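> no sequence on hand, only this structure:
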């Protein structure tokens, strides 16, 4: 009888050990959950895994509400990780970046970090060419969201931003919901409420490399942007207040074209000012989620990405400031233009451009933004 119980105990121990190893083992993308367990400002960080029945996997950390990896099949059926990021929470904490982040309170730039709200001049921290970029140096990409995994394919992240957080007015409660759908799309919903009049503009800042190998630059990708106009910038990347047509300029992606076709034509001042593409396009979609806003495809992998949004604009950034100083997942060096961002948003510096769509949120209102990143394959 003792031998029976001893055998049973050993078997139970083996099963428990196997279960623990499974929980701590590598994800499909090679990430290890234990490398994302830490404490930041008294809050616990973790790695969360979303899966669908098609075999797609998305890994998310609640540090900055970041997408860490996206595994999708290429034209040969091989699973590829198509976003830049790091292997551990330590790298995210100690290497400033926007990789995969849920940006807030205000995505993109505010001129000189200053805007007027009800005759009060509000001064935000400056962190980019004298402007406030992505909420400043203590933006939400560096804060820990409260996470609730609703099921295998959905996670809800909540951030309570106190009044005067980076000097933004009002206590804001913001939610980001990531849902992985059965048709290989990442459905991202943003909501926010406030107790004081404030401004808000949220987005996701994933750097996509659809080839699945960040050693490859993204300028061989084909890009379509459903926009007849864009908002030009000055030499500090600040919008000038103009809205100009893309027709007969290198900014025209209304017919799909390879990114490299015009990107280095620095005799065109906008490409010189942006060091390539780093601009907001004024979408033709008028907030209609059924209309395609942008499409990107890789000739290497055959993977395509379609973007749908209710936002009026999209920032296309071609990784111009990646400089080889940062090593990402698998120890790969991130050189210039190995990632491209497609950030759905209100226009940069909208608080200072009264004729542009408003970013003001009042008490009693609910801010809502919606973005879908849908993946497929062109064979």
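The structure has been received and is ready for your questions. Note that the structure is a prediction, hence the values are computed from the model and not measured. Residues are numbered from 1 along each chain as shown.
> CA atoms for contacts and neighbours, from now on please.
Noted.
> what is the neighbour count of residue 291?
Other residues near residue 291 come to 15 when the count uses other Cα atoms under 10 Å.
> ok, the one 4 residues further on next?
Number of residues near residue 295 (other Cα under 10 Å) recorded here: 21.
> which other residues reach stretch 131-149?
For stretch 131-149, the external contacting residues (Cα atoms under 8 Å, 6 or more residues apart in numbering) are 40, 43-45, 48, 62-66, 93, 98, 101-113, 124-127, 155-159, 166.
> where does pLDDT dip in this structure?
Residue ranges of the chain with pLDDT under 70: 1-25.
> now the helices: where do they sit in it?
2-24, 89-94, 269-274 (DSSP state H).
> just the buried ones from the contacts of stretch 131-149?
Neighbour counting by 16 or more other Cα atoms under 10 Å classes 44-45, 48, 62-66, 98, 101-113, 124-127, 155-159, 166 among the contacts of stretch 131-149 as buried.
> tell me which of the residues you listed fall in strands.
Cross-referencing the buried ones among the contacts of stretch 131-149 against strands under DSSP state E gives 44-45, 48, 66, 101-103, 109-110, 155-159.
> columns distance to residue 375 on top of those residues, output as JSON lines?
Below are those laid out as JSON lines (distance: Cα to Cα, whole Å):
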{"residue": "44", "distance to residue 375": "31"}
{"residue": "45", "distance to residue 375": "28"}
{"residue": "48", "distance to residue 375": "20"}
{"residue": "66", "distance to residue 375": "18"}
{"residue": "101", "distance to residue 375": "19"}
{"residue": "102", "distance to residue 375": "20"}
{"residue": "103", "distance to residue 375": "22"}
{"residue": "109", "distance to residue 375": "29"}
{"residue": "110", "distance to residue 375": "32"}
{"residue": "155", "distance to residue 375": "19"}
{"residue": "156", "distance to residue 375": "21"}
{"residue": "157", "distance to residue 375": "23"}
{"residue": "158", "distance to residue 375": "26"}
{"residue": "159", "distance to residue 375": "28"}
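> return the member of those residues nearest to residue 255.
Closest approach between these and residue 255, by Cα to Cα: residue 109, at 28.2 Å.
> my guess is the closest one contacts residue 351, does it?
No - using Cα atoms under 8 Å as the test, residue 109 is too far from residue 351 to be in contact (10.2 Å).
> name the nearest residue to residue 370, ignoring sequence neighbours.
Using Cα to Cα, 6 or more residues apart in numbering and skipping the chain neighbours, the partner closest in space to residue 370 is residue 189 (4.7 Å).
> hey, what's that neighbour bridged with?
Going by DSSP bridges, residue 189 is paired in beta bridges with residue 177, residue 370.
> how close does it get to residue 68?
18 Å (Cα to Cα, to the nearest Å).
> again, but for residue 86
In terms of Cα to Cα, residue 86 sits 7 Å off from residue 68.
> with residue 128 instead?
Taken as Cα to Cα, the span from residue 128 to residue 68 is 24 Å.
> out of the two, which sits in the busier spot?
Each of residue 128 and residue 68 has its neighbours counted (other Cα under 10 Å); residue 68 has more, 28 against 18.
> ok, the more buried one - contacts?
Here residue 68 is in contact with 58-61, 83-86, 99-100 (criterion: Cα under 8 Å, 6+ apart).
> specify which member of those is nearest to residue 275.
residue 99 (19.3 Å).
> what sits up against stretch 253-273?
218-228, 232-237, 250, 276-277.
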